[in-house]
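Q: for reference, the sequence and a predicted model appear below.
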Amino acid sequence: MTPFTTLSSRAAPLLRDNVDTDAIIPSREMKSTGRTGLADGLFAPWRYLDAAARTPDPEFSLNRPEASGAQILLGGANFGCGSSREHAVWALAEYGMRCVIAPSFAPIFRANCIRNGLLPVTLPEADIAAMAWQSVAVDLPAQEVRCGDAVHRFEIEPEPREMLLEGLDAIDLTLKSLPAIEDWTSMDRKARPWVYLERTQ
């Protein structure tokens, strides 16, 4: 994964509460089990007047000219609720989003973000609303979001922070502890040899 350190981008607002994963990427838009080919279906029920014909709705925020190239999405409370589909995060990432800022996130969606290199930032609703269409800087090492003269501090647990900063998935994170795992296995093999099946020729 691409490490996340700092990001500066215009912030595109989607200030709706309870945006569920089926709105982020409807099941009919998931035509493969892979991580690609999903961006076109992102927010399809809202992004298109006619989803089948891909007729854009000019009133939808991501279709506005100023949303072009935006890598920060501003959301409402309980963002990413509904099903646990990881495709929702894959679709956001493939579209170009690197950070979602919302008052709160559904826990599984938040975990999926971290595992896929997309930073979920929790801030108060009023602060988020003031960032709409503004240039926003996100600094993960400092755990700060800056917009104009305003500086907003956000919290993130040490392990998710490490995963994002170093571009690690869950397996990569485990492999960082490989020497300790091997030491423990060696010690345990001596203490409980009957647990370990030896390969026979």
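A: Great, that's in hand.

Q: identify all contacting residues around stretch 73-80.
A: 11-21, 24, 88, 92, 97, 99-106, 108-110, 112-113, 125, 128-129, 131-132 (C-beta atoms under 8 Å, 6 or more residues apart in numbering). For the C-beta atoms, the positions are set from N, CA and C on the backbone; glycine is no exception.

Q: got the buried residues for that stretch?
A: Neighbour counts over stretch 73-80 (16 or more other C-beta atoms under 10 Å) mark 73-80 as buried.

Q: mind putting those residues into CSV with pLDDT?
A: Shown next, in CSV, are these (pLDDT from 0 to 100):
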residue, pLDDT
L73, 98
L74, 98
G75, 98
G76, 98
A77, 98
N78, 98
F79, 98
G80, 98
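
Q: restricted to helices, list these.
A: Among the buried residues of stretch 73-80, no member falls in helices (DSSP state H).

Q: and which of these is nearest to I181?
A: G80 (32.4 Å; C-beta to C-beta).

Q: what sits closest to that closest one if chain neighbours are left out?
A: Nearest non-adjacent residue to G80, counting by C-beta to C-beta, 6 or more residues apart in numbering: F109, 2.6 Å away.

Q: low-confidence regions, this structure specifically.
A: 199-201 (pLDDT under 70).

Q: just give me the longest strand of it.
A: strand 6-14 (DSSP state E).

Q: residue ranges for the helices of this structure, please.
A: Under DSSP H, the chain gives helices at 21-24, 44-47, 87-95, 107-115, 125-129, 158-166, 170-175, 178-191.

Q: ok, which of the ones you listed comes nearest H152?
A: For H152, the closest of the helices of the chain is helix 125-129, at 5.4 Å, according to C-beta to C-beta.

Q: other SSEs contacting the closest one?
A: strand 72-75 (3 or more C-beta pairs under 8 Å, 6 or more residues apart in numbering; DSSP states H and E).

Q: could you list the paired strands of the strand it packs on along with their orientation?
A: strand 6-14 (parallel), strand 99-102 (parallel) (DSSP bridges).

Q: out of those, nearest to E66?
A: Closest approach to E66 among the strands paired with strand 72-75 is made by strand 6-14 (6.5 Å; C-beta to C-beta).

Q: need the contact list for L164.
A: Neighbours of L164 in contact, by C-beta under 8 Å, 6+ apart: 3-4, 114, 117, 119, 140, 156.

Q: make that S104, sorry
A: Going by C-beta under 8 Å, 6+ apart, the list of residues near S104 reads 77-79, 122.

Q: circling back to that earlier point, can you tell me how far the residue nearest to G80 sits from A70?
A: F109 sits 19 Å away from A70, taking C-beta to C-beta, to the nearest Å as the criterion.

Q: and these two? Which one has more around it.
A: F109 (28 against 22; other C-beta atoms under 10 Å).

Q: about what we covered before: make JSON lines from the strands paired with strand 72-75 and add distance to W184 and mean neighbour count to it.
A: Below are the strands paired with strand 72-75 laid out as JSON lines (distance: least, C-beta to C-beta, whole Å; neighbours: other C-beta atoms under 10 Å):
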{"stretch": "strand 6-14", "distance to W184": "37", "mean neighbour count": "18"}
{"stretch": "strand 99-102", "distance to W184": "37", "mean neighbour count": "24"}
